[in-house]
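**Q** Fold the following, please.
(2 chains)
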There are 2 protein chains.
Amino acid sequence: MTLPLSGYTILDLTHVLAGPYCTMTFSDMGAKVIKVEPPNGGDDTRTFPPFKDGKSAYFAAINHGKQSIALNLKDDSDRAVFERLLARADVLVENYRPGVMERLGYGWSDLHAAFPRLVYGAVSGFGHTGPDAKRPAYDMVVQARGGVMSITGEKGRDPVRVGASIGDIVAGMFLAQGILAALLDRDRSGRGRKIDVSMLDSQLAILEHAVAISSVTGKPPGPSGARHPSITPFETFHASDGLFVIAAGNDKLFEKLCIALQLPISDDERFATNPKRCDNARLLKRLIEAVTLENTRSHWIAKLTAAGIPTGPIQTVDQTMKDPQIIARNMVVDVLDRNGRAAYKAAGNPIKMTDAVDPTTRGPAPDLDGNRGEILRWLDEG
Amino acid sequence: MTLPLSGYTILDLTHVLAGPYCTMTFSDMGAKVIKVEPPNGGDDTRTFPPFKDGKSAYFAAINHGKQSIALNLKDDSDRAVFERLLARADVLVENYRPGVMERLGYGWSDLHAAFPRLVYGAVSGFGHTGPDAKRPAYDMVVQARGGVMSITGEKGRDPVRVGASIGDIVAGMFLAQGILAALLDRDRSGRGRKIDVSMLDSQLAILEHAVAISSVTGKPPGPSGARHPSITPFETFHASDGLFVIAAGNDKLFEKLCIALQLPISDDERFATNPKRCDNARLLKRLIEAVTLENTRSHWIAKLTAAGIPTGPIQTVDQTMKDPQIIARNMVVDVLDRNGRAAYKAAGNPIKMTDAVDPTTRGPAPDLDGNRGEILRWLDEG
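**A** Residues are numbered from 1 along each chain as shown, chains lettered A, B, ... in the order given. The predicted structure is shown next:
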């Protein structure tokens, strides 16, 4: 029982979200992650609400299990420590503005010359090339510019932001994937690579359907509200006590749905095929809701599930965190504080793997510079 | 110049989106991907609109560069071919309903006994364990049940679906990450692992912020419309001709913003810190829009960018596809048809890497069983 990345060391210069999310996934898979923070304050998210016992729960949620050392990369003696860390690390990850690492003397060409086996992963708003490389970005800027917001929300109203920070997180995930692929190659070739991921690029990369529609029809899709843009019925419906989803993706499921709802319309010409159901979606929604409003959503979810129709509730995040399937999958874990007490909750590791432990707790998020002694001893022993 | 996964072979039993997206990222990084499809019709998405020259642009967008062979896994001679493929593959990926592989005799324990080096990746709606393992799911069902919809949309209105299919795609990305980590381990240990990713788990895993808020405050966050839930100002603003985003993530940026807008409020006690700006967000939005409504969004984007403040337009998907930064990063590629003509557009590879080619075209999406001869010859040569 070993985690797949045990034995790998990640030197983590990242802050806020995209980079720390990437290195969190490595930590969850067994890598040693050493977070190198600037001495005055460290990672900005240490000051992000909400707080518990004076510490940021947000910081804890994505930095659990990492070690921290504070280094001023403009100070010679701290640079010497950093370079000893580079010599021991398999991977360096950073999400500074492009150009910052070069100014510090740690750009790719310098690093690669000095540490040829090192894999160097960078994530930034717009990437290290192109006309806007040096512009600053945050999640919402790339959600907006990257097209995702234009297809999220209700028709006729202003677009909305995706509630999850997918501008950061998806980019952090692509970076993780690139780093792992480069490590596979490095373990054979002996030579590291630089990986350069842009948050803007990453938003376009998850729009497979919208890109296909835009390029073939010439018309970009608009916001689709709470329904699938080209399948009906595949949307939210009101029950007597709340909203739930019915996703009847084909004719067979639609027929089963009509039977389960005792709705005598499966022979109705207006709903005979998916294109016709799409044309008459508003009417169909009202016919279905005239039935579903008569009972609770748990009634309908049980009934439709028994009939083999994909369905489910719309849950708030606390409901999801208590969902029996989520609990059974160990998807909510306790983050310990320095005293070993369960202090915070965090999402578990979604990558379940044979022969790997899947602990129900996570080690504490580090205090700033909290592991200096341990890290320096480890360097001396190396 | 080699791609990092060159030399790895992926046997791809997947269909629709989560699985095919995962194997597409492997193909883009140089792996050989052999798509094994059922003989009658193959992958469902071959029939998904929009079409061009009678072929699905949707299928092309996520299956370019893969090979296809049609095999009936209930037929003995086809099973023999499949098993020869298993013996040559590094990875098997599938997204069937849990239990299907076991019924075919290709469950993990059988596979691992016969092919100990094989890494086996599975993605499904709810995972291979837990009370709901066997339930069917679609993207929207897990977006709803996973909590993402509850924080997406406008306050006081029904939640909306995220326009991108993040229920599928994020799960496919976690699977890719798990497979690469398992390959790293396999290349050292000689033993493969099974990776089991659930679409529902994956939705919770991207809610870092909402999980922290729910667990500390006991109150789940609601929909945040077009603003960040805990940073202000970080939202959309109206200019005279449309919406744009300002993301002033810290005190320094807020001060710069006040100067750029000539808004004399940087000393105002009500806006002195981020928590105070959050408490007075509605007031602050009106003060800012009273200025921004006086000019166009391109004016403000240029002005704020010059001042170093993260900002940008809300773009439709076709606008994003023509964005100079996206073009400079080679993020829109041509997918060739069988005659070598640029037939479709697809998102490029967001994982940019040194010493790796980043081609502007992709090989064609395969016809069903279109590479049988080539695949069988490759087996014979092996």
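**Q** And the contacts of stretch A:272-285?
**A** With CB atoms under 8 Å, 6 or more residues apart in numbering or on different chains as the test, stretch A:272-285 has contacts from A:227, A:230-233, A:235, A:237, A:250-251, A:254, A:269-271. In this view, the C-beta of every residue, glycine as well, is placed from N, C-alpha and C.
**Q** Can I have the buried ones of those as a ChimeraX selection?
**A** Typed into ChimeraX, the line below selects the buried ones among these, using 16 or more other CB atoms under 10 Å in any protein chain shown:
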select /A:227,230,231,232,233,235,237,254,271
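**Q** Among the contacts of stretch A:272-285, which lie within strands?
**A** Among these, the members found in strands (DSSP state E) are A:235, A:237.
**Q** Max pairwise distance over the contacts of stretch A:272-285: which two?
**A** The most widely separated members of the contacts of stretch A:272-285 are A:237 and A:269, with 22.8 Å between them, by CB to CB.
**Q** pLDDT at residue A:227, what is it?
**A** pLDDT for residue A:227: 87.
**Q** beta partners of it?
**A** Applying DSSP bridges to residue A:227 gives these bridge partners: residue A:235.
**Q** thought it was touching residue A:235?
**A** Yes. Using CB atoms under 8 Å, residue A:227 is in contact with residue A:235, at 3.4 Å.
**Q** For the residue lying closest to residue A:37 once chain neighbours are set aside, grab phi and psi.
**A** Distances taken as CB to CB, 6 or more residues apart in numbering or on different chains put residue A:70 closest to residue A:37, at 5.2 Å, once the chain neighbours are dropped. The phi/psi pair for residue A:70 (degrees, to the nearest 10) reads phi -90, psi 120.
**Q** who touches residue A:70 in this structure?
**A** Applying CB under 8 Å, 6+ apart, the residues contacting residue A:70 are A:36, A:37, A:38, A:39, A:42, A:368, A:369, A:372.
**Q** near chain B, which residues of the stretch 251-382 of chain A show up?
**A** Applying CB under 8 Å from any CB of the partner chain, one finds that the stretch 251-382 of chain A approaches chain B through A:305, A:308-321, A:323-326, A:328-329, A:331-332, A:344-356.
**Q** Which of the residues you listed fall within strands?
**A** Using DSSP E, these in strands are A:311, A:312, A:313, A:332, A:344, A:345, A:346, A:347, A:352, A:353.
**Q** These: which two are farthest apart?
**A** Of all pairs in these, the most separated under CB to CB is A:311 and A:344 at 32.6 Å.
**Q** can you list the domain ranges for chain A.
**A** What automatic domain parsing lists as the domains of chain A is A:9-206+A:327-381, A:234-315.
**Q** now those as a markdown table including mean pLDDT?
**A** Shown next, in a markdown table, are the domains of chain A (pLDDT from 0 to 100):
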| stretch | mean pLDDT |
| --- | --- |
| domain A:9-206+A:327-381 | 96 |
| domain A:234-315 | 94 |
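**Q** Let me know the distance separating residue A:88 from residue B:353.
**A** 23 Å (CB to CB, to the nearest Å).
**Q** Contact partners for the residue nearest to residue A:223 when sequence neighbours are not counted?
**A** Closest residue to residue A:223 apart from its sequence neighbours, by CB to CB, 6+ apart: residue A:153 at 4.2 Å. By CB under 8 Å, 6+ apart, the contact list for residue A:153 reads A:159, A:160, A:223, A:225, B:153, B:154, B:160, B:163.
**Q** and the nearest residue to residue A:127 once chain neighbours are set aside, how many neighbours does it have?
**A** Leaving aside its chain neighbours, residue A:127 sits nearest to residue A:198 (3.2 Å; criterion: CB to CB, 6+ apart). Look at residue A:198: counted by other CB atoms under 10 Å in any protein chain shown, it has 33 neighbours.
**Q** Which strand residues bridge residue A:198?
**A** Taking DSSP bridges, one obtains residue A:124 as the residues bridged to residue A:198.
**Q** quick one, what contacts it?
**A** A:123, A:124, A:125, A:126, A:127, A:171, B:329, B:350, B:352.
**Q** What of residue A:326?
**A** By CB under 8 Å, 6+ apart, the residues touching residue A:326 are A:320, A:332, B:200, B:201, B:204.
**Q** any idea how far residue A:309 is from it?
**A** Taken as CB to CB, the span from residue A:326 to residue A:309 is 22 Å.
**Q** in stretch A:337-354, what counts as buried?
**A** By neighbour count on 16+ other CB under 10 Å, the buried set for stretch A:337-354 is A:337, A:343-354.
**Q** Sorry, wrong one. I was asking about stretch A:186-199.
**A** A:186, A:192, A:193, A:194, A:195, A:196, A:197, A:198, A:199.
**Q** Stretch A:96-103 too?
**A** A:96, A:97, A:98, A:100, A:101.
**Q** check whether it contacts chain B.
**A** No. Using CB under 8 Å from any CB, we find that stretch A:96-103 stays clear of chain B, coming within 9.8 Å at best.
**Q** The nearest residue to residue A:363 once chain neighbours are set aside - how many residues pack around it?
**A** Distances taken as CB to CB, 6+ apart place residue A:65 nearest to residue A:363, at 4.3 Å, with adjacent residues excluded. Residues lying near residue A:65 (other CB under 10 Å) number 23.
**Q** Could you do the one 10 residues further on as well?
**A** In terms of burial, residue A:75 registers 12 neighbours under the definition other CB under 10 Å.
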